[in-house]
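[1] need a structure here:
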Amino acid sequence: MISVNSPLAIAVSGIATEKSSLNPIRPRGYRNLGFRLSSQRFGLKEMELVRKVSRGCFSDRSGKGRMVEVESVDGEDVFDAAAAESKFFPEHLVIMVNGIVGSSADWKYAAEQFVKKLPDKVIVHRSECNYSTLTFNGVDLMGERLADEVLAVVKRWPGVRKISFVAHSLGGLVARYAIARLYEPFPKMESSSHSVNHSVQSLEQPYEERIAGLEPMNFITFATPHLGSRGHKQLPFLCGVPFLEKRASLTAHWIVGKSGKHLFLTDSDDGKPPLLLQMVNDSDDLKFISALRSFKRRVAYANANYDHVVGWGTSSIRRQDELPKINHLVKDEKYPHIVYIERETTEDLHNKASSIAGDQTTDIEEEMIQGLTQVPWERVDVSFHKSKQRYVAHNTIQVKSYWLNSDGADVVFHMIDNFLL
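    Okay, the predicted model is just below:
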């Protein structure tokens, strides 16, 4: 039976409070969640909430484990019921962020696989604060909303200690903005056993960096236009035709609002540089690069071909001449659509910086590359060249819909298998 003080009870109670402050909860049919509920220990609001949300639950018919999907006002939490009630409560919160005109449903398949493979390790939250046409509001406003949502989720799950982000397309830029808002450096605590002489410290103390008060672990993007969508074949369906690329940059905001201005770098609020250019360095109030650096891993999954929305260079944060040659692409039997993996080190960054130090022709894209590569990235290149789903590669890479994009399942498994816990 669920204890009223258990992490699951606290989370459900928190969601009930959020829900009740907006709309009354209507009773609905429900399925067994894999645990018993006691109306004597839960209030009526909590019981009605569980009845409502449990219709979205699913379980492993083998009986080995059951997952729960709980809908709240700010998205959906997916977790293993048994793990949530055990003394080994999952400590790792994974925030999944959708792309343009998307919703929390876009990450449904990947969230399920996370919990199936790591039931006692992770709680997955599929963000819902930026869905449908709300994704036209601009990277900054969307980032603020996501930051507020993450804080609400962390408050709901007081047992979590670590945090990771997994984002698709435009959602990767939104997540980069949000982590800058959530970034906090804390002075490391010195042991009381240190001698007085040893405790005398320099003015510059070492810091422990936190995102929303949690230890940052993985920051992972899928087909994200890190360098924007302007020119250099970064919007592939324009075929690199200069006239079309120029017209797109001038008219994108008519279709996708402020987000279009941000993507095509045509925004200049209060005379400031374009937002995406601002986001490659720390500013006084938002530490964009410090926030990225705080994560143990930064990974960019990129479609090498057939992605008609986001180009290979912008999604892998590379210059055009740095893209792997076709004859260098390989096939992995376990992950057949992973064709190239590049793991950058700090030494690689220094060597690369030295090689371009004398170049005086730095354009805006080069400036963004130099800014973002102040920290090392893992780059994972994906190709659906032989897949029937290749023409929807932008969605297949994340398995947006299993029925339409199932060939991307091995990419999702690659992410989970290499996830730093």
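[2] pull out the buried residues from stretch 159-166.
    Across stretch 159-166, burial judged by 16 or more other Cβ atoms under 10 Å covers Val160, Lys162, Ile163, Ser164, Phe165, Val166. From N, CA and C alone the C-beta is placed, and that goes for glycine too.
[3] out of those residues, which are inside strands?
    Per DSSP state E, strands hold the following members of those: Lys162, Ile163, Ser164, Phe165, Val166.
[4] correct me, but the third one touches Glu91?
    No: with contacts defined as Cβ atoms under 8 Å, Ser164 does not count as touching Glu91, sitting 11.5 Å away.
[5] output the below-cut-off pLDDT ranges for the stretch 1-150 of the chain.
    Scanning the stretch 1-150 of the chain for pLDDT under 70 picks out 1-65.
[6] hmm, 90 instead?
    For the stretch 1-150 of the chain, residues meeting the criterion pLDDT under 90 lie at 1-75, 79, 81-89.
[7] for the stretch 201-350 of the chain, same thing?
    For the stretch 201-350 of the chain, applying pLDDT under 90 flags the ranges 201-207, 229-257, 260, 264-266, 268-271, 308, 326-332, 344-350.
[8] what about the helices in it?
    Taking DSSP state H, counting those that start in this stretch as the criterion, the stretch 201-350 of the chain contains helices spanning 242-263, 275-278, 288-293, 312-316, 346-355.
[9] with just CA atoms, put whatever helix or strand comes next after the last one into PDB.
    Sequence-wise, the next helix or strand beyond helix 346-355 is helix 364-372, with elements assigned using DSSP states H and E. Once side chains and other backbone atoms are set aside, the C-alpha atoms of helix 364-372 remain, and they are given as PDB (Å, rounded to 0.1, in the frame of the first residue of the first chain):
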ATOM      1  CA  ILE A 364      28.100  35.000 -37.900                       C
ATOM      2  CA  GLU A 365      27.900  31.300 -38.400                       C
ATOM      3  CA  GLU A 366      31.600  30.900 -37.700                       C
ATOM      4  CA  GLU A 367      31.200  33.000 -34.600                       C
ATOM      5  CA  MET A 368      28.500  30.700 -33.300                       C
ATOM      6  CA  ILE A 369      30.600  27.600 -34.000                       C
ATOM      7  CA  GLN A 370      33.500  29.000 -32.100                       C
ATOM      8  CA  GLY A 371      31.200  30.000 -29.200                       C
ATOM      9  CA  LEU A 372      29.500  26.600 -28.900                       C
END
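[10] for helix 364-372, name the packing helices and strands.
    Helices and strands touching helix 364-372, by 3 or more Cβ pairs under 8 Å, 6 or more residues apart in numbering; DSSP states H and E, are helix 275-278, helix 288-293.
[11] what's next to the first one, contact-wise?
    Looking back up the chat, that one is helix 275-278. 138-140, 173, 227-228, 262-263, 265, 267, 269, 272, 288, 364, 367-368, 371 (Cβ atoms under 8 Å, 6 or more residues apart in numbering).
[12] that older thread, so which of the ones in strands among the buried residues of stretch 159-166 is the closest to Asn305?
    Val166 (22.7 Å; Cβ to Cβ).
[13] that closest one pairs with what?
    Beta-bridge partners recorded for Val166 (DSSP bridges): Met96, Ile220.
[14] check the spacing between it and Asp407 real quick.
    Remark: distance between Val166 and Asp407 (Cβ to Cβ, to the nearest Å) = 19 Å.
[15] then Arg181?
    Arg181 is 36 Å from Asp407, by Cβ to Cβ.
[16] likewise Pro185?
    With Cβ to Cβ as the criterion, Pro185 and Asp407 are 42 Å apart.
[17] and those two? which has more neighbours close in?
    When Pro185 is set against Asp407 and neighbours are counted by other Cβ atoms under 10 Å, the residue ahead is Asp407, at 20 against 15.
[18] ok, now which ones touch that one?
    By Cβ under 8 Å, 6+ apart, Asp407 lies in contact with His337, Phe384, Ser387, Lys388, Gln389, Thr396.
[19] same check on Asn130?
    Under the criterion of Cβ under 8 Å, 6+ apart, the contact list for Asn130 reads Val97, Asn98, Asn137, Met142, Arg145, Leu146, Gly171, Val174.
[20] likewise for Pro274?
    Pro274 touches Gly228, His262, Leu265, Thr266, Asp267, Ser268, Ile364, counting by Cβ under 8 Å, 6+ apart.
[21] what about the fourth one, neighbour count?
    By other Cβ under 10 Å, the residues close to Thr266 number 15.
[22] now do the phi/psi pair for it.
    Here the main-chain torsion angles of Thr266 (degrees, to the nearest 10) amount to phi -100, psi 0.
[23] from Gly159, how far off is it?
    Thr266 sits 44 Å away from Gly159, taking Cβ to Cβ as the criterion.
[24] the second one too?
    Relative to Gly159, His262 is positioned 36 Å away (Cβ to Cβ).
[25] about what we covered before: quick check, nearest of the contacts of Pro274 to Ser86?
    When these are compared against Ser86 (criterion: Cβ to Cβ), the nearest one is His262, at 43.6 Å.
[26] around that closest one, how many other residues sit close by?
    Using other Cβ under 10 Å, His262 is surrounded by 27 other residues.
[27] pretty sure it sits against Asn137.
    No: applying Cβ under 8 Å as the test, His262 and Asn137 come out as separate, 10.1 Å apart.
[28] mind listing what Glu378 touches?
    Arg297, Arg298, Val299, Ala300, Ile341, Glu342, Arg343, Glu344.
[29] CSV for these, including neighbour count?
    Putting these into CSV (neighbours: other Cβ atoms under 10 Å) gives the following:
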residue, neighbour count
Arg297, 17
Arg298, 21
Val299, 22
Ala300, 24
Ile341, 16
Glu342, 15
Arg343, 12
Glu344, 16
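[30] out of the residues you listed, who's nearest Ala82?
    Closest to Ala82, out of all of the contacts of Glu378 and judged by Cβ to Cβ, is Arg297, at 28.2 Å.
[31] bridged to that closest one, which residues?
    Going by DSSP bridges, Arg297 is paired in beta bridges with Asn218.
[32] which residues touch it?
    Arg297 neighbours (Cβ under 8 Å, 6+ apart): Met217, Asn218, Phe219, Ile220, Glu378, Leu420.
[33] switch to 10 Å and redo it
    Arg297 is in contact with 164, 216-220, 343, 376-378, 418-420, counting by Cβ atoms under 10 Å, 6 or more residues apart in numbering.
[34] any idea how far it is from Ser406?
    From Arg297 to Ser406 the distance is 26 Å (Cβ to Cβ).
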